[in-house]
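Q: Everything below, folded, please.
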Amino acid sequence: MDNIKSQRLIMRKGQLSDSVFILMLLNQPCFYENIADKGIYTREQAEDYIQNAFINSHQINGFGPYIVTLKDSTPIGMVGLFKRDYLHFPDIGYAFLSQYTGRGYATESCDMLIRHVKNRFKKITAITSTGNTASQRILKKLNFSKVTDVIASSDKQPISLYIRGF
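A: Okay, the predicted model is just below:
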């Protein structure tokens with residue numbers, strides 16, 4: 001895939017050279033609170049994460065996450081489709097550096113991705129922690145409908161499941 005561009009953003013495939021950015025993104029308090037502690041604390045672990053979550057996912061599944069940058073190539077977040085064992089359709093996920101939240105970047109990049117993949121899937125899903133109201137507002141703007149709350153991880157915390165058809 002070539003880069004996906006909007007007036008403000010560029011989405012590109014992740015590269016091992018993004019490891020410093022990924023370390024910053026995955027180790028923010030808001031990432032821990034709303035997503036998880038991925039256990040990635042070193043540059044080498046970040047490179048492994050990029051290899052598996054970004055590069056291998058695109059090769060194996062035909063989809064995966066992308067790095068979201070400003071037009072000047074400054075990385076600000078990630079957005080992509082993920083394969084979850086407990087879901088029948090790809091799951092859209094996103095995370096942004098805290099200093100770039102609240103500016104519409106998540107909504108814009110998710111919309112860019114949805115437009116790019118809508119002919120490939122009948123539906124896509126999204127999951128969010130039940131208390132993540134900011135993420136829930138984004139999903140509603142993107143025409144996702146809440147289906148139910150589910151327990152999908154060993155921590156037994158409920159997450160909200162959303163779905164969008166095409």
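Q: from here on, contacts and neighbour counts on C-alpha atoms
A: OK.
Q: so where does the residue nearest to D2 when sequence neighbours are not counted fall, helix or strand?
A: Leaving aside its sequence neighbours, D2 sits nearest to R12 (C-alpha to C-alpha, 6 or more residues apart in numbering; 7.3 Å). Assigned by DSSP states H and E, R12 belongs to strand 9-13.
Q: Show me the contact partners of that strand.
A: With C-alpha atoms under 8 Å, 6 or more residues apart in numbering as the test, strand 9-13 has contacts from 2-5, 54-55, 65-71, 73, 105, 109.
Q: Can you tell me which of the residues you listed has the largest number of neighbours?
A: In terms of neighbours by other C-alpha atoms under 10 Å, the contacts of strand 9-13 top out with V68 at 29 neighbours.
Q: Just confirm that residue contacts A95, I think it does.
A: No - with contacts defined as C-alpha atoms under 8 Å, V68 does not count as touching A95, sitting 9.5 Å away.
Q: Common neighbours of the two, please.
A: When contacts are counted by C-alpha under 8 Å, 6+ apart, V68 and A95 have 77-79 as shared neighbours.
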